[in-house]
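> the sequence isn't on hand, but the structure is:
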DNA sequence: GAGCACTGC
């Protein structure tokens, strides 16, 4: 007798024991004799070579056998027995596999053979930080398993669920998607094994999932977890997931490690003798040095942003053309390609173009130089790169909880990041990496790992998600790296002002609905309350427009024309209304395929807005939030601005002095309207979508509001008794007095609104 | 009179 609880679900032929199976079972049943989670490598290899596909019961295709050959050559394949043994014996495993080990495609399949999720109606999930990765890996694995994508093997990403309920048992998904699922099923009961891939990237979603899963495995003894990482920071994961039976008084023992070598070519590293004062100049010089002196092979140069990249491309091209003209017989032609995310996809494709041919037969071959942001470090791989130039910087997000601002800062990269960059030179053959800093600085100045996102972000959204997940004590939640207490306080404070959390920190009914929207809390709040102003249809559009990248295009050689086109669509009352106007015009001109381009707007971004809007609309319908509109344009615009105030009352600035400078309410930051702002005047009170810290502090996407609304819709935040002293408070006091006068029966004569006095800075 | 590292729901 077998007492394994899973076996009851299996057809008799798969139970492996008992009198009822026929002797030909293994002929028809490739998984004959497989005991869930007790499967051996030998059995799996046999099943893989079986003429029948164990999951479809159809004969394997010729393509399957060809792919299987290639799989056998992967480093991880030769360690199948070791993996299956560790998997059988442990609930949590930490796995380290360098690039090229095959872990992302193979491990989930090994797990499937051992876990047999299809026999118990469960799934194996494998998370990825990026959508494209989830999609492309799922396709590859479907091919390897000889099944149709979306059937046994599928993927799930925002806007696209490529799975079939009851059929799919291996699902690749984005980490954010699994987090969303956890909000509605805290036990993640659909899954028998969860694999967190690329855990070393430490995305916010993966970090929160690790905390959740660490807790969940205590309750769900049948759930297995595999944390997969590319770098050697595994010790940290191992001790975080250490098994600790406090009741038995045992010492915690680290989670077991399963390690697989990578398969890349060696990369020789060069450092500079002295620190380089100007890294862009040094980078250009190095690229040209490689071009003149090194063997054929393409170059990848890492810089920090669009402007720097475009500038460097121009200079490299100029110098390289010069070299070619002076000495065409000893140096080949050079092609320089920029790469950053806001580049249209068509131009991004240029990185895959072949290097130019020799200028003349018998002359040196051409060379391709890709000048890229960090996008080439993780998201995009370019084959044929032999030389990497690494100045050692990237733009990184930093969050300052004191002034509640996220900004981008050019900062030194980490050792792990430098290693990843160097690895890009060894994908096809041995390569070289030129680091534009000294070896001493590499050893002593660079941090081991990039700070995880959870330490660099505004956590308002994450805290709302955690509250929805039922985490009561957010400060003592078991984070792999705990965020600064002040960051958590800021998030709790914001959610309390928005009435998503009550004064005890408990999630309110409103907060529960807010968490259902894939939006920042302010946006969610404004969308949910918008039916009260009868403008939810418009707020829905504005919310979608605020959730996508900038729609305005401004080609360097057509700036005047672009500005003119923008002026045509601008609504002077505020940038939010302009966004609404842009979207509505786009919708009305769908028949004209060139409309977006003719108006200097990004068709890609507008299509994204449409997608987001449709998704938000579905969530609104699910929670019976009316989608309504006002006929009268004046009333409608007024309602929109009032609804905006309900979400963004903490993002208000008051004009101080005549020079167009504003002070943010409460924080008293001196800010200016961003030059992209379309207001035709400088109203006394404005609401803004974001505070950006670039050359100066700016507020961007701005709309005029009335101070009465602030007092009415956010009385707690604008409680004058506790308001910081200053001109803003005095201005609010005047409004409050006036309102009191009116509500007292209008006996007092309304005082004229004073203009703010000039103030010296 | 300026900008957009990169993701994700």
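Yep, it's here. The structure presented is a predicted model; accordingly, all values stated were derived computationally and were not measured.
> need the pLDDT of the residue in chain A that DNA strand B sits nearest to.
Scanning chain A for the residue nearest DNA strand B gives residue A:694, at 2.3 Å (criterion: CB to the nearest atom of the strand). To be clear about C-beta, it is placed using only N, CA and C from the backbone, and glycine gets the same treatment. We have a pLDDT of 79 for residue A:694.
> report how many residues lie close to it.
10 (other CB atoms under 10 Å).
> roughly how far apart are it and residue A:674?
Per CB to CB, to the nearest Å, residue A:694 is found 9 Å from residue A:674.
> re earlier: can you pull the contacts of the nearest residue to the residue of chain A closest to DNA strand B once chain neighbours are set aside?
Residue nearest to residue A:694 in three dimensions, not counting chain neighbours: residue A:407, with 7.9 Å by CB to CB, 6 or more residues apart in numbering. Neighbouring residues of residue A:407 by CB atoms under 8 Å, 6 or more residues apart in numbering: A:397-398, A:400, A:692-694.
> possible to save those residues as JSON lines with secondary structure?
Formatted as JSON lines, the contacts of residue A:407 follow (DSSP: H, G, I helix; E, B strand; the rest coil):
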{"residue": "A:397", "secondary structure": "strand"}
{"residue": "A:398", "secondary structure": "strand"}
{"residue": "A:400", "secondary structure": "strand"}
{"residue": "A:692", "secondary structure": "strand"}
{"residue": "A:693", "secondary structure": "strand"}
{"residue": "A:694", "secondary structure": "coil"}
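> who wins on neighbours among these?
Result: residue A:692 is most packed of these (other CB under 10 Å), 19 neighbours.
> pLDDT averaged over the helix or strand containing residue A:368 - what is it?
Here residue A:368, judged by DSSP states H and E, is contained in strand A:367-372. The pLDDT scores in strand A:367-372 average 95.
> in the stretch 51-200 of chain A, where is pLDDT below threshold?
Filtered on pLDDT under 70, the stretch 51-200 of chain A yields no residues whatsoever.
> residues of it that sit close to DNA strand B?
Applying CB under 7 Å from any atom of the strand, we find that the stretch 51-200 of chain A lies next to DNA strand B at A:129-132, A:157-158, A:174-177, A:180.
> at 10 Å instead, please
Residues of the stretch 51-200 of chain A lying close to DNA strand B by CB under 10 Å from any atom of the strand are A:127-135, A:155-160, A:173-181, A:183.
> just the buried residues of those residues.
With neighbours counted by 16 or more other CB atoms under 10 Å, those contain buried members at A:127-131, A:133-135, A:155-157, A:173-181, A:183.
> looking at this, residue A:195 is in a helix?
No - Residue A:195 is assigned strand when assessed by three-state DSSP, not a helix.
> so it sits right up against residue A:115, yeah?
No - using CB atoms under 8 Å, residue A:195 makes no contact with residue A:115, being 10.7 Å away.
> so what sits against both of those two?
residue A:124.
> anything in the strand holding residue A:368 near DNA strand B?
Yes - applying CB under 10 Å from any atom of the strand, one finds strand A:367-372 in contact with DNA strand B at residue A:372.
> and the residue of chain A closest to DNA strand B, how close does it get to residue A:430?
Here the criterion is CB to CB. By it, residue A:694 lies 42 Å from residue A:430.
> returning to what we had before: does anything pack onto the strand holding residue A:368? Which helices or strands?
Counting contacts by 3 or more CB pairs under 8 Å, 6 or more residues apart in numbering; DSSP states H and E, strand A:367-372 is packed against helix A:279-293, strand A:298-302, helix A:306-326, strand A:334-339.
> how does it look with 10 Å?
Judged by 3 or more CB pairs under 10 Å, 6 or more residues apart in numbering; DSSP states H and E, strand A:367-372 is in contact with helix A:279-293, strand A:298-302, helix A:306-326, strand A:334-339, strand A:385-390.
> for the third one, which positions count as buried?
Same thing as helix A:306-326. A:308-313, A:315-316, A:319-320, A:323-324.
> OK, contacts around residue A:481?
Under the criterion of CB atoms under 10 Å, 6 or more residues apart in numbering, the neighbours of residue A:481 are A:202, A:207, A:236, A:240, A:449, A:451-455.
> would you agree the residue of chain A closest to DNA strand B is in contact with residue A:410?
No - Residue A:694 is beyond contact range of residue A:410, at 12.0 Å (criterion: CB atoms under 10 Å).
> phi and psi next, for residue A:364.
Main-chain dihedrals, residue A:364, degrees, to the nearest 10: phi -60, psi 150.
> number of residues surrounding it?
19.
> from residue A:292, how far off is it?
With distances taken as CB to CB, residue A:364 is found 10 Å from residue A:292.
> identify the contacts common to these two.
With CB under 10 Å, 6+ apart, residue A:364 and residue A:292 have common neighbours A:327, A:330-332.
> mark which of these are buried, thanks.
Buried among these by 16+ other CB under 10 Å: A:331-332.
> tell me which two of the shared contacts of residue A:364 and residue A:292 sit farthest apart.
A:327 and A:332 (10.6 Å; CB to CB).
> overlap of the contact sets of these two?
The contact sets of residue A:327 and residue A:332 overlap at A:292, A:364 (CB under 10 Å, 6+ apart).
> ok, residue A:285 - contacts?
Counted by CB under 10 Å, 6+ apart, residue A:285 has contacts A:276, A:278, A:316, A:319, A:389, A:436.
> can you redo those residues as JSON lines with distance to residue A:76 and pLDDT?
Below are the contacts of residue A:285 laid out as JSON lines (distance: CB to CB, whole Å; pLDDT from 0 to 100):
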{"residue": "A:276", "distance to residue A:76": "40", "pLDDT": "90"}
{"residue": "A:278", "distance to residue A:76": "44", "pLDDT": "90"}
{"residue": "A:316", "distance to residue A:76": "39", "pLDDT": "94"}
{"residue": "A:319", "distance to residue A:76": "44", "pLDDT": "92"}
{"residue": "A:389", "distance to residue A:76": "32", "pLDDT": "96"}
{"residue": "A:436", "distance to residue A:76": "35", "pLDDT": "95"}
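> before we move on, the earlier item: distance between the strand holding residue A:368 and the chain's centre?
26 Å (CA atoms, centre = their mean, to the nearest Å).
> each with direction, which strands does it pair with?
strand A:298-302 (parallel), strand A:334-339 (parallel) (DSSP bridges).
> count of residues packed around the nearest residue to residue A:163 once chain neighbours are set aside?
With CB to CB, 6+ apart as the criterion, residue A:163 has its nearest non-adjacent residue at 3.5 Å, and that residue is residue A:154. Residues lying near residue A:154 (other CB under 10 Å) number 25.
> pretty sure residue A:50 contacts residue A:56?
No - contact criterion CB under 10 Å: residue A:50 and residue A:56 do not qualify, at 11.9 Å.
> what stretches of the stretch 251-400 of chain A score poorly on pLDDT?
In the stretch 251-400 of chain A (pLDDT under 70), no residue qualifies.
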